[in-house]
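Give me a model of this one.
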Amino acid sequence: MKKFNIRKVLDGLTAASSSSSSSAAQPGTPSQNDVVQETLQSEHFQLCKTVRHGFPYQPSSMAFDPVQKILAIGTQTGALRLFGRAGVECYCQHESGAAVIQLQFLINEGALVSALADDSIHLWNLRQKIPAILHSLKFNKERITYCHLPFQSKWLYIGTERGNIHIVNVESFTLSGYVIMWNKAIELSTKTHPGPVVHISDNPMDEGKLLIGFECGVVVLWDLKSKKADYRYNYDEAIHSVAWHHEGKQFVCSHSDGTLTTWNVRAPAKAAQIITPHGKQPKDGKKPEPCKPILKVEYKTTRAGDPFMVLSGGLSYDTVGRRACLTVMHGKSTAVLEMDYPIVDFLTLCETPYPNDFQEPYAVVVLLEKDLVVIDLGQIGYPIFENPYPLTIHESPVTCVEYFADCPAELIPALYSVGSRQKRQGYSKKEWPVSGGNWGQGTQSYPEIIITGHADGSIKFWDASALMLQVLYKLKTAKVFERARGKEEKPSTDIVDEDPFAIQTLSWCPESRMLCVAGVSAHVIIYRFSKQEVTTEVVQLLEVRMQCEFSDVDSPDPGGDQTPTLPTPGASSSPQEAEPPTQPSTGSNSSDGPRDNIPCLQVRSSPLKQSPGYQVELVVQLVWVSGEPPQPITSLAINSSYGLVVFGNSSGLAVVDYLQKTLLLNMGTSELYSPSDPYQGQPRSPRKARQPSGALCDSNDGSNASEDRCKSPTSAKMSRKISSSGEQKPDQAGRVPGRRPLTCKKRINSQREVRTAAMMSRKGGICRTISAPNCYAKDNSFTRSRSSSVTSIDRESREAISSFHFCESFPRKTDGQVGPCLLVGTTQGSVMTVALSLPPAGDQRLQQSLGIASCGTMVRLKGGVLTMALLDFTGALLPPPYESWYDPNASDEEKEKVRRRRPASPPASQEGQDTQFAVVCSEKQAKVLALPSQTRLYKHNITETSFVLRADVVQMAGTNCIACFCANGHIMTLSLPSLRPLLDLNYLPLTDMRIARTFCFSNLGQALYLTSPTEIQRITYSQETCDNLQEMLSELFTPVETPEAPNRGFFKGLFGGGAQSLDREDLFGETAAGKASRTLAQHIPGPGSMEGMKGAASGVVGDLARARIALDERGQKLGELEERTAAMMASAESFSKHAHDMMVKYKDKKWYQL
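I've put the predicted structure just below:
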């Protein structure tokens, strides 16, 4: 596991740096640095990967240790994933990144051999928590095609593309001089090359006999001692795999024409049996029609019944479009098990590791391209085991991720209790067979939750505590909408080509359990958590008409006092109800006119049964405006204490009261600026409004006039269709092939006005202020006269809403009392304040309207605003107020017991003093302001050449800091409030938009991102977590006794009928076989070997480790010295012998006879 050396940043040098200058407080304001004692130092930070969750991306090979019960999976990118019991996982990576073509366990030895596509083999040590490579061997002249390591042997057979077989000592990773050449193995009369080696195995009953399969169809039984072929078996079709019967008298081959041939070892002339499992048998006795290749076959015997033959592939060619199948042949029965994805590999799990005993198979592990399935062979119908690993992250492509560390303790049990009812039935009743390893002894005890949003509209909650991952609960948001039943019903209102329910962003309040999600079809859904099942007769719906530009309607000064206006009977209270009284509320979607006032999806009209868990409270949909689709939602926030949801896009922002089911505010971004604001970017029109200030809309004013008055002359050109290739589109690699997007039919509006009580009352009016009772703010509220000419540059650089933050703060500089506020950040770096006026809690909250007033710009930064937060005068974080969770379906008494407003922050500010810090971070810089004076205290330019992708204010070591991830791969942290750089590491260059979309920080030094379409990588930037990582990680290797070898029996021992052993050391050792060619392969010591351990010994136990290594080296040198001494003695003895022979030879000869 890779660790990074921190570039320690000297504390206190921030002020001296011009690029990260800190500005002192202005005169008259107390220096906040004297008050806040910052405790975070650069020593608190260290960056390292912790654990990787999810299905291995692009798997290529698999192996299983039947004694340790550990499963290994290799991938096409050189990754290695190891799995044990639930919660025991490990990730390793080959540096070369070459595909893993084969894996071989040293059974019960805590080691694993991997063979890569770059013709290298590696020995991994699994006896340590973070596996390391002990040795590597790189072949230079030949390409590796197959490896075989016999049980309890240290000699590894390696077959090559040239047809040769080399032998490697896995202890020293050196090549033996013993080589089986292809031209010696095949018959001399053969004129063609037999092709690559596709199979190697030794006879289960005779280790001296090696079975070699060549691609052309030739199989050779090689006698290792005599170095010649005993038998050769020929078949016309290419071979894909070979499997032995445990008695060593028969073997089975699978071929490219879909046939299985069974051979008797001593009868090479003709196959004992030829079958085509999926071929149609002609009646005239002719050869059956060829089928697809059988890629692999395994032959496993049982003591009590018929043997099992398991194979993949071999289907008939006429089964076009049929999914991949695994075939299980047992006696006379043949079961064909369809898989959801193509089969990469499979392994049959058996009770014994000995190949010469009855195998007793009990399960089959099937590795698919995007799933791992384990089949129970012991139950009728072959049910599958319930998979305990978090391998379903990619069930639908992940579109957004949020990470919450240190959540309320009761959340995980609550989510688990409702999620446990969602589990499928019909699984095998047996325990999961991959059960090796032990959990780590972690010190982290705080709850962690990960939420993933998916392309199909589903949301998954995961328990991520203690470096594990387990799915808790799954929410399907698409249930709220009608689904199209056929292609002809695909609506023309859809704004995405596929996945119309995909989750774009979400906001979650862990304390109140309120959830708000925004989808790509410009819809927002608000959910409450309940433990009781309910049936919702009518889904509450609110439609919002958001336009890009506004004109011709003057707005009052948002900073001044507003005079409430009374609703006018007949006037529209919601955007979709702006209509003449004589016409029904119907949206236009006819062929002769532009689409208008219609949403992208149709909310279901039938009753909705809602199971315990998250239940729909309100659906908000943006509608089409004059033929233009609604803009994608870019930011979202929910606050349970205020009962508000706010969302924004490039058109502006909308505030919704989800308690009263009303739209409070619908405003363009430019309307948030005050008239005297220096940051107001767009020109103002000198024209006056058509109606005097404070006037109400005429009750007879039709919808067309109203819409024309609100519509910008350029609004028809200012909408961007949601691009399928943009961030909203999930990875193609993660999408289920062949799935059609499901969308709704043309909208029917005749029943739309009955969706909410507010719509049925029709009491609202077009308000100039937001404090009028029971009224919506129409699109043109708070609008000002705008220039009718907007350049194309202005259209392209339109300011969008990028972030929100609810808080209890000072809306204006002159305020001395904190109150409910909303901070709004934009893509052009403005942070604006919106003051909220809340009625008292209880019944008045449900009956009286909320007041909203824009208070202008607080601060301006370079780049789009990413995150905002508030600190008190001691530097402690002031979280947004929240309401504790209560069950909405419980009795009123129980609700009242739980419902209580959270106490506000400091009640007042003494005149002339600042009591809060506002922290704002953008794509380029961070600033800290004092409130209420809005004086800039500190500023730090984070990056000049790149930009920040994700920034969060997080809790760390008992205090707070800003954590940033830049597009250039740097991860940085800044202290608060002084913005001192504490960490700056080049960790991960941005190579994929997936990383940018999913990277998120959380409290206590935790972060994560989607490293592939199927895997989540968790990292830590906490020194404490890095130091404790070894204890927290799970152990793969556990001491287990190897099962006893099968009993040979009295008669077999007497007459020699049992298994024949072989002393391979005598055959393959240097003494007998000599040395291998030095140019054939290069030995590379791994970082986990003696050479690699030298650099690894550091830290507190470094001295002990170095001493231990020194002892090991001393022992190693002594051993080498002893070997050299023995070699010298042998050489001296040999010299003495030759000298004696020479003396005897010439002793009696005269000088002239020499």
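
Regarding the most centrally placed residue in the chain, what is its secondary structure?
Central residue of the chain (CA atoms, centre = their mean): I1016, 3.1 Å from the mean position. Using DSSP: H, G, I helix; E, B strand; the rest coil, the structure places I1016 in strand.

Over to P408?
Secondary structure, three-state DSSP: P408 is coil.

got a list of what it touches?
Contact analysis of P408 by CB atoms under 8 Å, 6 or more residues apart in numbering lists 447, 510-511. Where C-beta positions appear, they are placed from N, C-alpha and C, glycine not excepted.

now swap in T1011 and tell me
Here T1011 is in contact with 52, 995, 1017 (CB under 8 Å, 6+ apart).

Check for me that it belongs to a strand.
Yes - counting by three-state DSSP, T1011 is located in a strand.

picking up where we left off before, of the contacts of P408, which is the most crowded?
Neighbour counts for the contacts of P408, by other CB atoms under 10 Å, peak at P447, which reaches 20 neighbours.

From R528, how far off is it?
Separation of P447 from R528 (CB to CB, to the nearest Å): 21 Å.

helices and strands of the protein: which one has the lowest mean pLDDT?
Sorting the helices and strands of the chain by mean pLDDT, DSSP states H and E puts helix 757-761 at the bottom, at a mean of 32.

wait, which of the contacts of P408 is closest to R798?
Ranked by distance to R798 (CB to CB), the contacts of P408 are led by P510 at 34.1 Å.

Was I right to think that closest one contacts P447?
No - contact criterion CB atoms under 8 Å: P510 and P447 do not qualify, at 9.3 Å.

list the residues that contact both of those two?
By CB under 8 Å, 6+ apart, the residues touching both P510 and P447 are 407-408, 411.

Let's have these in TSV, adding distance to I212 and pLDDT.
What follows is the shared contacts of P510 and P447, written out as TSV (distance: CB to CB, whole Å; pLDDT from 0 to 100):
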residue	distance to I212	pLDDT
C407	58	91
P408	63	92
L411	59	95
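
In the stretch 701-850 of the chain, where is pLDDT below threshold?
Residue ranges of the stretch 701-850 of the chain with pLDDT under 70: 701-797.

mind running it again at 90?
The model of the stretch 701-850 of the chain has pLDDT under 90 over residues 701-799, 813-816, 840-850.

again, but for the stretch 251-400 of the chain
Within the stretch 251-400 of the chain, the stretches with pLDDT under 90 are 279-290, 305, 316-323.

That one: strands as residue ranges?
260-264, 273-275, 294-300, 308-313, 325-330, 333-338, 343-350, 361-368, 372-376, 398-405 (DSSP state E, counting those that start in this stretch).

what comes into contact with the second one?
The list of residues contacting strand 273-275 from outside it, by CB under 8 Å, 6+ apart, reads 259-262.

can you check the fourth one too?
For strand 308-313, the external contacting residues (CB under 8 Å, 6+ apart) are 240, 252, 254, 258, 260, 277, 292-302, 324-330, 343, 346, 348, 361, 364, 377.

If I take it and strand 325-330, what angle do their directions form?
Calculated by axes from the mean of the first three to the mean of the last three CA atoms, to 10 degrees, strand 308-313 forms an angle of 160 degrees with strand 325-330.

Next, the angle from strand 308-313 to strand 343-350.
170 degrees.

Strand 308-313 pairs with which strands, parallel or anti?
When pairing is defined by DSSP bridges, strand 308-313 lines up against strand 294-300 (antiparallel), strand 325-330 (antiparallel).

Any chance of the ones you listed in CSV with distance to P288 and mean neighbour count as columns?
Converted to CSV, the strands paired with strand 308-313 look like this (distance: least, CB to CB, whole Å; neighbours: other CB atoms under 10 Å):
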stretch, distance to P288, mean neighbour count
strand 294-300, 13, 22
strand 325-330, 15, 19
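
Which among those strands is found nearest to G1069?
Closest approach to G1069 among the strands paired with strand 308-313 is made by strand 294-300 (32.7 Å; CB to CB).
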